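Colleague: Got a predicted structure here, sequence first:
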Amino acid sequence: MRKLLSATASRPGTFGCFGLHEWAMVYRDREAGRDQRHPLPLRLGHAGTDAVVEANPVRCSHFDAYRFFTPEATGRNQLRPTRATQVGLEQPGCLHANMDLYKWCLKLGPAVPGDLLLDAFELARDIRWTDMAASPYDVSEYGVAAVEIETPHGKAEYIRRQREYTQRSNALRLRLLEVCDAY
């Protein structure tokens with residue numbers, strides 16, 4: 001865990017993935033006869049969702065997101081993340097790497113100060129809202145406005161949020177490294 005946190009903290013964030021990992025998890029699901037991952041309707045329908053994946057480069061560096069890609073989407077990803085390559089690929093612009101900080105805090109249990117655990121939880125919560133807002137799903141029934149990553153405005157908004165989360169996560173990552181170093 002310390003090795004992963006340190007490696008991630010040492011890299012610049014990569015921006016511009018636009019949350020396409022969520023789109024790649026349902027790519028060509030209908031034509032393959034599979035049900036989509038969630039019961040929520042797709043904002044753009046199946047064909048529109050597939051078209052967004054096909055029109056944009058997919059650059060997912062996070063293994064735990066990549067492993068849920070449909071078989072048709074894995075070949076579209078510019079990287080092939082595995083658990084073994086996680087330390088070498090993870091970077092602080094990744095929403096999932098930043099949500100994982102909460103998981104790492106929980107795994108370290110009582111060694112983690114309560115304020116760090118709460119800060120990591122709040123970051124993970126905020127990121128998850130963005131993750132779903134930028135997803136192909138229609139989450140409007142939950143009061144969440146879509147981040148329409150299929151548009152230039154939506155892409156800019158996604159990158160703006162990604163940069164904010166990177167700053168917050170880097171600060172938490174350094175605090176968590178201090179906890180690791182204390183033990």
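Modeller: Perfect, thanks for sending it. Numbers count the residues shown, from 1 in each chain.

Colleague: Every contact and neighbour count from this point should use C-alpha atoms.
Modeller: Noted.

Colleague: where along this protein do the helices fall?
Modeller: Ranges of helices in the chain, per DSSP state H, are 2-9, 20-24, 45-55, 63-66, 71-74, 86-89, 95-108, 114-133, 152-182.

Colleague: okay if I get those as a markdown table plus distance to residue 140 and mean neighbour count?
Modeller: Below are the helices of the chain laid out as a markdown table (distance: least, Cα to Cα, whole Å; neighbours: other Cα atoms under 10 Å):
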| stretch | distance to residue 140 | mean neighbour count |
| --- | --- | --- |
| helix 2-9 | 33 | 18 |
| helix 20-24 | 17 | 25 |
| helix 45-55 | 15 | 16 |
| helix 63-66 | 23 | 19 |
| helix 71-74 | 26 | 18 |
| helix 86-89 | 33 | 18 |
| helix 95-108 | 21 | 20 |
| helix 114-133 | 9 | 18 |
| helix 152-182 | 16 | 17 |
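
Colleague: Out of those helices, flag the one nearest residue 145.
Modeller: Proximity to residue 145 (Cα to Cα) singles out helix 114-133 among the helices of the chain, at 6.3 Å.

Colleague: picking up where we left off before, include distance to residue 141 when you put the helices of the chain into a markdown table, please.
Modeller: Conversion of the helices of the chain to a markdown table gives the following (distance: least, Cα to Cα, whole Å):
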| stretch | distance to residue 141 |
| --- | --- |
| helix 2-9 | 35 |
| helix 20-24 | 18 |
| helix 45-55 | 16 |
| helix 63-66 | 24 |
| helix 71-74 | 28 |
| helix 86-89 | 35 |
| helix 95-108 | 23 |
| helix 114-133 | 12 |
| helix 152-182 | 20 |
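
Colleague: Turn those into CSV, columns for distance to residue 142 and mean pLDDT.
Modeller: CSV is the format used below for these (distance: least, Cα to Cα, whole Å; pLDDT from 0 to 100):
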stretch, distance to residue 142, mean pLDDT
helix 2-9, 32, 97
helix 20-24, 18, 96
helix 45-55, 19, 97
helix 63-66, 23, 96
helix 71-74, 28, 96
helix 86-89, 33, 97
helix 95-108, 20, 97
helix 114-133, 10, 98
helix 152-182, 19, 97
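
Colleague: Nice, that's everything, thank you.
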